[in-house]
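Chemist: fold the stuff below for me.
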Amino acid sequence: MQTFTLIFLIAVAISYGIQQWLSTRQKSFVLEHRSAVPEAFKDSVELDAHQKAADYTIEKEKLGGLDSIFGVIVLILLTLGGGISLIFNLWSSFGLSPLLTDLGAVGSLILIMTALEIPSSYYQTFVIEEKFGFNKSSKAQFFKDQAISLSLVIAIGMPILALILWVMDSIGDLWWLYAWAILMSFSLLMSWLFPTVIAPLFNKFTPMEDGPLKERIQGLLQRCGFNSNGIFIMDGSKRSGHGNAYFTGMGNNKRIVFFDTLIESLDDEELEAVLAHELGHFKCKHVIKMLIASSFMTLISFAILGWLITQDWFFSGLGVDTHSNAAALLLFMLVSPVFTTFMQPISAYFQRKFEFEADDFAAQNSKASKMISGLVKLYEENASTLTPDPLYSAFHYSHPPAAIRIAHLESKA
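Modeler: Presented below is the predicted three-dimensional model:
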């Protein structure tokens, strides 16, 4: 066994072990606190709703554990099991050009991995979400969504992949810098196009009707200096009972979107407070900060890949006998999450910090009490547990736990 093979297997074991240990802690902690509503929520959340959230959380963790095991098995089969070599050798036998061979091999493996995720998504939708009363989607709608997503991968993703593979083969030692610029430009373009081109393929967006709610929201936008391309209601209820609100897009293509389920759940002042929180992310430049951080990490990743491509041990240590740029790209996509598990809590920390800042902005530009009451309704209606394990939430949660977040808002009220 080569040294890097051993390092890889140890990294897989550590990453998987951490995830399973945290998941076990989460299930045990939530179950332990299932019998009573936390003191901070006794006057606002019924015991039945609290127990529903606990059961929902545990069910999702069980499925996540199975997904994690399955993911490890697939990873080992594709790398040390020879799956990647098999696919590349198969495409090489067709006598195509090097670019088409690489594109076919990488593209087919990405499509295979995408297809392997469908059963879990199906179970999540039609078993877990159905059991807890959240699923509103039909099986026809589910498979239609899968078909649209797959079509987008083929129509948009494959040309970008082909361009990056061409750059890797043709530009020289600094290919990774050009590939990074291409990927970042593509990401910015997709962010700009998403509200008007991509999102309408999945949902219907209806402009908000004139009335007190729209006037209240427009007043908030004027106070915050936020220019948008419209306020829209999305038909989220055709798939799920969960509610949300967000703004999307870039430049002059920004949109504010409310799920129709959210409109039905919250009163006008609560909706204003929830939107003020989302605008807080914009005013505090969280989107730009996250974009810069993502761009920097992507640049580092491409630079590391540029070095790994020249190392024979990277290929042989992962069970791949095809020493090509495309194979290196695919290997890097597969194994890098194993070696970057330690970064999850760091990323989660900064995301939670941004959430506190957005809550502060909401408290300054709307009523903190309405933000609190709106959040409590969302926690209850989305069956979000009020008692997550502290270590699990520190590792995984992009939002502060409910009790901590609401205590913070109460201090601002």
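
Chemist: would you map the strands across this protein?
Modeler: Taking DSSP state E as the test, the strands found in the chain are 205-207, 231-234, 245-248, 255-259.

Chemist: make CSV out of these and add mean neighbour count.
Modeler: Any C-beta I mention is one placed from the backbone N, CA and C, and that applies to glycine too. Shown next, in CSV, are the strands of the chain (neighbours: other CB atoms under 10 Å):
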stretch, mean neighbour count
strand 205-207, 12
strand 231-234, 20
strand 245-248, 18
strand 255-259, 22
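
Chemist: which of the ones you listed sits closest to Lys131?
Modeler: strand 255-259 (21.2 Å; CB to CB).

Chemist: give me the mean pLDDT for that closest one.
Modeler: Strand 255-259 carries an average pLDDT of 87.

Chemist: and it, how far out from the chain middle?
Modeler: Distance of strand 255-259 from the chain centroid (CA atoms, centre = their mean, to the nearest Å) equals 18 Å.

Chemist: parallel or antiparallel, list what pairs with that strand.
Modeler: strand 231-234 (parallel), strand 245-248 (antiparallel) (DSSP bridges).

Chemist: so what touches the last one?
Modeler: Pointing back at strand 245-248 there. Residues from elsewhere that reach strand 245-248, judged by CB atoms under 8 Å, 6 or more residues apart in numbering: 191, 194-195, 199, 228, 254-259, 262, 271, 274-275, 278-279, 282.

Chemist: that older thread, go through the strands of the chain and name the closest to Leu291.
Modeler: strand 245-248 (13.6 Å).

Chemist: for the stretch 1-150 of the chain, which residues score under the pLDDT cut-off?
Modeler: Scanning the stretch 1-150 of the chain for pLDDT under 70 picks out the ranges 1.

Chemist: so which of the strands paired with strand 255-259 gets nearest Lys214?
Modeler: Closest among the strands paired with strand 255-259, using CB to CB: strand 231-234, at 6.4 Å.

Chemist: show me what the closest one is in contact with.
Modeler: Contacts for strand 231-234 (CB under 8 Å, 6+ apart): 203-208, 214, 217-218, 255-260, 263.

Chemist: my guess is Phe194 contacts Arg255. True?
Modeler: No - using CB atoms under 8 Å, Phe194 is not in contact with Arg255, being 9.2 Å away.

Chemist: anything in contact with each of those two?
Modeler: In contact with both Phe194 and Arg255: Thr248, Gly249, using CB under 8 Å, 6+ apart.

Chemist: how close does Ala53 sit to Ser149?
Modeler: To Ser149, Ala53 is 29 Å away according to CB to CB, to the nearest Å.

Chemist: ok, now Asp235?
Modeler: From Asp235 to Ser149 the distance is 18 Å (CB to CB).

Chemist: try Ser369
Modeler: Distance from Ser369 to Ser149, by CB to CB: 40 Å.

Chemist: ditto for Met190
Modeler: For Met190 relative to Ser149 (CB to CB), the value is 14 Å.

Chemist: would you mark the buried spots in stretch 154-170?
Modeler: Gly157, Met158, Leu161, Ala162, Ile164, Leu165, Trp166, Val167, Met168 (16 or more other CB atoms under 10 Å).

Chemist: also stretch 361-378?
Modeler: Applying 16+ other CB under 10 Å to stretch 361-378 flags 361-363, 365-378 as buried.

Chemist: just the CA trace of that stretch, in CSV.
Modeler: Output in CSV follows, covering the C-alpha atoms of stretch 361-378 (Å, rounded to 0.1, in the frame of the first residue of the first chain):
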residue,chain,number,x,y,z
PHE,A,361,-30.0,45.1,11.2
ALA,A,362,-33.5,43.7,11.3
ALA,A,363,-33.9,44.9,14.9
GLN,A,364,-32.8,48.4,13.9
ASN,A,365,-35.1,48.7,10.9
SER,A,366,-38.2,46.8,12.1
LYS,A,367,-39.6,45.6,15.4
ALA,A,368,-37.3,43.1,17.1
SER,A,369,-40.4,41.6,18.9
LYS,A,370,-41.9,40.9,15.4
MET,A,371,-38.7,39.3,14.3
ILE,A,372,-38.8,37.0,17.4
SER,A,373,-42.4,36.1,16.9
GLY,A,374,-41.9,35.4,13.2
LEU,A,375,-38.9,33.2,13.9
VAL,A,376,-40.8,31.2,16.5
LYS,A,377,-43.5,30.6,14.0
LEU,A,378,-41.0,29.5,11.4
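
Chemist: what's the mean pLDDT across it?
Modeler: Stretch 361-378 comes out at a mean pLDDT of 92.
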